[in-house]
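Visitor: Whatever this is, show me its structure:
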Amino acid sequence: MKTKPWSLIILALLHILAPVGNLVLNALRSGRTLGQQWTYWFEVLPKPLLLIYLVIPVLAGIFIYVCKRWSYWAYLGCLLIVLASNVYSYMTNMNLSTLLLLILVVVVDLLVVAYFVVPSVQKVYFDPRTRWWEAAPRYHFNHMGMVNGEKAFVKSISQGGLLLSSAPAMSENEDVTVSWDFQGQHVEVKGKVVYKLQHGEIPQYGVRFEHGGDSDRQIKELIARLHNEGLIVTERLPGPEDGFGVWLKKLVTRGEGLFPKMRA
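Guide: Numbers count the residues shown, from 1 in each chain. Modelled structure (predicted):
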């Protein structure tokens, strides 16, 4: 996945636009104009309820879009607030209309919670490695270096880390020191192995930099040189196949795209 999953973008937009939808639906149901409904909200509704109508859905959409562990729980908290407000509305005004609204909210909340506990969706929020759209641009390097004093081949590099192959055996979360000489400059940077890929007999290791001293500046200078030479890894950039139209077509014709599908 080279871009943020369209399913999450659409869900976020629907939540952010929910106050407008609430305004229109309430105006139609009450026979008021949009202006009259807006005035009614501000003059008649309790301020906490007005806050839930106007602000909570927008916050919920933002939390969906942010795609972080904390925003996952914050979003579920928003759902709980909306549910509680509808239970309160029903308890203070027990009629068929508020009952049906409460049932609708409960059903929608259950469906949304079921969606967000799907492993592929949850992983986007809980595992930063799956959020490829946040990754800094990666550049081909293809240069021999050293890792912990042993020879290793640096395949590609970004401001945040690099990909090693033909390296000594390492394990995830291992601290490493990677160094190389390039165009008359010696670079040494500390890092941590964050993942291991096994392609055939040669494993590859992803290393996240833990900059110290001049290493951050040296990597920035190297990235600038590689960028000027046009060595960016284009396969990692969003392309036509990542557009909304392609996603929508796959969703309608093949039922794909409702859940995030990660790819390297």
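
Visitor: State the next helix or strand along the chain beyond the longest helix anywhere in the chain.
Guide: Ordering each helix of the chain by length in residues (DSSP state H) puts helix 69-92 first. With elements assigned by DSSP states H and E, the helix or strand that comes after helix 69-92 is helix 96-116.

Visitor: Now do that following helix: distance to the chain's middle.
Guide: 25 Å (C-alpha atoms, centre = their mean, to the nearest Å).

Visitor: and if you look at stretch 87-107?
Guide: The answer for stretch 87-107 is 33 Å, by C-alpha atoms, centre = their mean.

Visitor: Ok, stretch 21-39 next?
Guide: Distance, centroid of stretch 21-39 to centroid of chain: 34 Å (C-alpha atoms, centre = their mean).

Visitor: one step back: let me know the angle separating the longest helix of the chain from helix 96-116.
Guide: 160 degrees (axes from the mean of the first three to the mean of the last three C-alpha atoms, to 10 degrees).

Visitor: Dump helix 69-92 to PDB, keeping only the CA atoms.
Guide: Taking Å, rounded to 0.1, in the frame of the first residue of the first chain, the C-alpha atoms of helix 69-92 are listed here in PDB:
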ATOM      1  CA  ARG A  69      -2.400   3.900  18.200                       C
ATOM      2  CA  TRP A  70      -3.800   6.700  20.400                       C
ATOM      3  CA  SER A  71      -6.200   7.900  17.700                       C
ATOM      4  CA  TYR A  72      -7.600   4.400  17.400                       C
ATOM      5  CA  TRP A  73      -8.700   4.500  21.100                       C
ATOM      6  CA  ALA A  74      -9.800   8.100  20.800                       C
ATOM      7  CA  TYR A  75     -12.100   7.200  17.900                       C
ATOM      8  CA  LEU A  76     -13.700   4.400  19.900                       C
ATOM      9  CA  GLY A  77     -14.100   6.900  22.700                       C
ATOM     10  CA  CYS A  78     -16.000   9.100  20.300                       C
ATOM     11  CA  LEU A  79     -18.300   6.300  19.400                       C
ATOM     12  CA  LEU A  80     -19.000   5.600  23.000                       C
ATOM     13  CA  ILE A  81     -19.900   9.300  23.600                       C
ATOM     14  CA  VAL A  82     -22.300   9.300  20.700                       C
ATOM     15  CA  LEU A  83     -23.900   6.100  21.900                       C
ATOM     16  CA  ALA A  84     -24.300   7.500  25.400                       C
ATOM     17  CA  SER A  85     -25.900  10.700  24.100                       C
ATOM     18  CA  ASN A  86     -28.500   8.700  22.200                       C
ATOM     19  CA  VAL A  87     -29.300   6.500  25.200                       C
ATOM     20  CA  TYR A  88     -29.800   9.700  27.200                       C
ATOM     21  CA  SER A  89     -32.000  11.200  24.500                       C
ATOM     22  CA  TYR A  90     -34.200   8.100  24.500                       C
ATOM     23  CA  MET A  91     -34.400   8.000  28.300                       C
ATOM     24  CA  THR A  92     -35.500  11.600  28.500                       C
END
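
Visitor: Hmm, residue 98 is touching residue 90, no?
Guide: Yes: the criterion here is C-beta atoms under 8 Å, and residue 98 meets it with residue 90 at 4.5 Å. Every residue, glycine included, has its C-beta placed from N, CA and C.
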